[in-house]
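> Quick one, fold the following:
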Amino acid sequence: MLRIGKLVATHGVQGDLILTHITGKTGWLKAGDVLFVALRKGSHIPYFISKIKRDQEEEIILHLEDTDLPETAKMLVGKEVFVEEKVLATIGQDSPLLWIGFEAIDEQAGSLGPVEDVYQTAQQWLATVHFRGKEALLPLIDQTLLKIDIPNRKLYLSIPEGLLEVYA
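Sure, this is the predicted structure:
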């Protein structure tokens, strides 16, 4: 499962929801697809999309089955949303969301471990790995990405000098 965003608000009086997402693309989500909502940490409850009303780069207005009332939809506001990896495969292999689980390999330090999650900030994507027992944030920008080996699920990186020493 890949975290793709959060349900941030209700919309209208028919139980529609606004999903903010970090894919940076439109048209990848369709009616009939399943979203998994984390009602509690570690739980992924499936909800089928019955309608998509507006699809933009950063937010989607959608209607989920079983959320026909604003009160029902309101219970999902603030919850993180996940999808299966195959749903995102349609948007291309260059999405950092698809790199979760890839082994991060620095040209100097070697293997840093698997990418556990990715986050999008205003300026860049960041990968999370556990390095030397601590959570490390690695920038995923043109200057640090050397090679993406999709078949072998490896990210080859050139981490800026001194960044990994912060986690020593």
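
> State the pLDDT value of Tyr88.
One thing to correct before we go on: residue 88 is Leu, not Tyr. Listed pLDDT for Leu88 reads 68.

> scratch that, His11 is what I was asking about
For His11, the pLDDT comes out at 93.

> tell me the contacts of it?
17-18, 53, 61 (Cβ atoms under 8 Å, 6 or more residues apart in numbering). All C-beta spots, glycine's among them, are computed from the backbone N, C-alpha and C.

> same question, Ala127
Shown in contact with Ala127 (Cβ under 8 Å, 6+ apart): 96, 99, 104, 115, 117-118, 137-138, 140, 155.

> now with 7 Å?
Residues in contact with Ala127 (Cβ atoms under 7 Å, 6 or more residues apart in numbering) are 99, 104, 115, 118, 138, 140.

> As a check, name the ranges of all helices in this structure.
Using DSSP state H, the helices of the chain run over residues 70-74, 85-88.

> Give me the residue ranges of this structure where confidence is low.
Filtered on pLDDT under 70, the chain yields the residue ranges 24, 88-94, 167-168.

> can you list the domains in this protein?
By the assignment in automatic domain parsing, the chain contains the domains 2-90, 96-167.

> In stretch 22-37, which residues are buried?
22-23, 28-29, 35-37 (16 or more other Cβ atoms under 10 Å).

> Pull up the distance across that stretch, start to finish.
Taking Cα to Cα, to the nearest Å, the first and last residues of stretch 22-37 lie 15 Å apart.

> likewise stretch 49-64?
Note: stretch 49-64 ends 4 Å apart using Cα to Cα.

> Stretch 119-130 now?
One end of stretch 119-130 to the other measures 15 Å (Cα to Cα).

> swap in stretch 25-38?
Using Cα to Cα, one end of stretch 25-38 lies 22 Å from the other.

> how far out from the middle of the chain is it?
Its chain's average C-alpha position is 12 Å from that of stretch 25-38, according to Cα atoms, centre = their mean, to the nearest Å.

> Now tell me what touches it from outside.
Stretch 25-38 has contacts (Cβ under 7 Å, 6+ apart) with 1, 7, 44-52, 55-57, 60, 76, 79-83, 87-88, 90-91.

> Point out the ones among the contacts of His11 that are inside strands.
Secondary structure from DSSP state E places 17-18, 53, 61 of the contacts of His11 in strands.

> Dump the residues you listed to TSV, plus distance to Glu71 and neighbour count.
Formatted as TSV, the ones in strands among the contacts of His11 follow (distance: Cβ to Cβ, whole Å; neighbours: other Cβ atoms under 10 Å):
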residue	distance to Glu71	neighbour count
Leu17	13	27
Ile18	16	19
Lys53	19	13
Ile61	18	17
